[in-house]
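K.L.:
Sharing a sequence plus its predicted fold:
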Amino acid sequence: MELRHLRYFVAVVEEQSFTKAAEKLFIAQPPLSRQIQNLEQELGIQLFERGSRPLKTTEAGQFFYLHALKLLSNAEEIKSMTKRIGMTERTVTIGFVSSLLFGLLSNIVYLFKQQHPHLKIEMEEMATTEQIQALKEGRIDVGFGRLRISDPAVKRVLLREERLVAAVHASHPLAQKTEGVYLADLIDQQLFLYPNVNKPNFSTQVRGIFSEYGLEPKKIREVRELQLALGFVAASEGICITPMSAQSIRLTHLTYLPILDESAISPIFMAVRNMDESEDIRALFDSVYQVYDLEAIPYDRSVF
Ligand code: BEZ
């Protein structure tokens, strides 16, 4: 059995059709069917229910599918790790969600570059969900995101939990509450959340926090990105909920209020490939924690 057989089998399961799988794999259907037959012969079992339309796996086929997926993902990981180790000029490619740039990401990357001038650093903005795929395909080496997304090929470390704030226009009655507001104070307001693509995302996370308290905001408008949401607030169109680090974005008449509910937090995760034990990754972790020390941010370093 070769990896190619696993790829063929996975494509047939996912497309639920030999014809569609053959198109996806850019091969003709008869050789594809033959390869799957050979696989069934080698294993001495049926992988698909005979005559099922759309095509369904047998119980053994389903078991084989799940393990084939794992093997293929491992193979991809081995390929990208080997390439990475063999590179003469080492590159660390960092995927990140854009809101992190307004927080400590820029400080972390600056420090990392200063301490490791021989490394080439590349940065790519992408959603947390995209980061997982990009890590597995070797397009990035590290992902900084805000969502709890699990994948067997990826190690995710919680760096810290950032408090949320409400951005309001200075003329808004809530702006007087400088000590802070509760989520319940916000449900009748026009809320701007972001982004409006790649769900689950930060907007999903904020909605989830409201539901945790049994609250449902009445007027939500999702916009493309943080800056746009804050622009609407500065135009006195409504209120935006952001992580505290967005407070570095200053616009006229824009003011930020702490959100006092305990669960009003957004976690920050660093994700790396499971197999990646390289010194560059360890060094990047060191830079994160050095910046936390400078900013007096508490952290738990037991994981990495
Ligand atoms: C932070 O704000 O804690 C952070 C931002 C980007 C990467 C790592 C940490």
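P.N.:
Noted; the coordinates are in hand.
K.L.:
So which bits of this structure are right by the ligand?
P.N.:
L100, G103, L104, L105, I108, F144, L159, R160, S245, I268, V288 (CB under 6 Å from any ligand atom). The C-beta positions use only the backbone N, C-alpha and C, and glycine is treated the same way.
K.L.:
Tabulate the CA atom coordinates of stretch 23-38 in CSV.
P.N.:
Extracted in CSV, the C-alpha atoms of stretch 23-38 (Å, rounded to 0.1, in the frame of the first residue of the first chain):
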residue,chain,number,x,y,z
GLU,A,23,-12.0,14.6,-11.6
LYS,A,24,-10.6,16.0,-8.4
LEU,A,25,-7.5,13.8,-8.7
PHE,A,26,-7.1,14.6,-12.4
ILE,A,27,-7.1,10.9,-13.3
ALA,A,28,-9.5,8.7,-15.3
GLN,A,29,-12.2,6.8,-13.5
PRO,A,30,-11.3,3.2,-14.5
PRO,A,31,-7.7,3.3,-13.1
LEU,A,32,-9.1,4.9,-9.9
SER,A,33,-11.7,2.2,-9.4
ARG,A,34,-8.9,-0.4,-10.1
GLN,A,35,-6.7,1.1,-7.4
ILE,A,36,-9.5,1.0,-4.8
GLN,A,37,-10.2,-2.6,-5.8
ASN,A,38,-6.5,-3.5,-5.3
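K.L.:
hey, which helix or strand in the protein has the poorest pLDDT?
P.N.:
helix 59-86 (a mean of 87; mean pLDDT, DSSP states H and E).
K.L.:
Which secondary structure state does Q227 sit in?
P.N.:
Here Q227 is helix, with the state taken from DSSP: H, G, I helix; E, B strand; the rest coil.
K.L.:
wait, doesn't it sit right on S248?
P.N.:
No: taking CB atoms under 8 Å as the definition, Q227 is not a contact partner of S248, at 11.9 Å.
K.L.:
Okay, buried residues for the least confident helix or strand of the chain please.
P.N.:
Using 16 or more other CB atoms under 10 Å as the test for burial, helix 59-86 gives G61, F64, Y65, A68, L72, S73, E77, S80, M81, R84.
K.L.:
Check which helices and strands whichever helix or strand comes after it sits against.
P.N.:
Downstream of helix 59-86, the first helix or strand assigned by DSSP states H and E is strand 91-96. Under the contact definition 3 or more CB pairs under 8 Å, 6 or more residues apart in numbering; DSSP states H and E, strand 91-96 sits against strand 120-125, helix 128-136, strand 142-145, helix 279-294.
K.L.:
export the ones you listed to a markdown table and tack on mean neighbour count?
P.N.:
Converted to a markdown table, the helices and strands packed on strand 91-96 look like this (neighbours: other CB atoms under 10 Å):
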| stretch | mean neighbour count |
| --- | --- |
| strand 120-125 | 14 |
| helix 128-136 | 21 |
| strand 142-145 | 25 |
| helix 279-294 | 17 |
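K.L.:
I'd like the distance between T204 and the ligand.
P.N.:
20 Å (CB to the nearest ligand atom, to the nearest Å).
K.L.:
Quick one: mean pLDDT for the host helix or strand of that residue?
P.N.:
Per DSSP H and E: T204 is located in helix 202-212. The pLDDT scores in helix 202-212 average 97.
K.L.:
That one relative to helix 128-136, how many degrees between them?
P.N.:
130 degrees (axes from the mean of the first three to the mean of the last three CA atoms, to 10 degrees).
K.L.:
Can you give me the buried ones in helix 202-212?
P.N.:
F202, S203, Q205, V206, R207, I209, F210.
K.L.:
Which residues does it contact?
P.N.:
97, 99, 146-147, 164, 183, 187, 193-196, 216-217, 220, 222, 241, 261, 263-264, 266 (CB atoms under 8 Å, 6 or more residues apart in numbering).
K.L.:
immediately after it, which helix or strand?
P.N.:
strand 219-222.
K.L.:
Tell me the buried residues in that following strand?
P.N.:
Under the neighbour-count criterion of 16+ other CB under 10 Å, strand 219-222 has I220, E222 buried.
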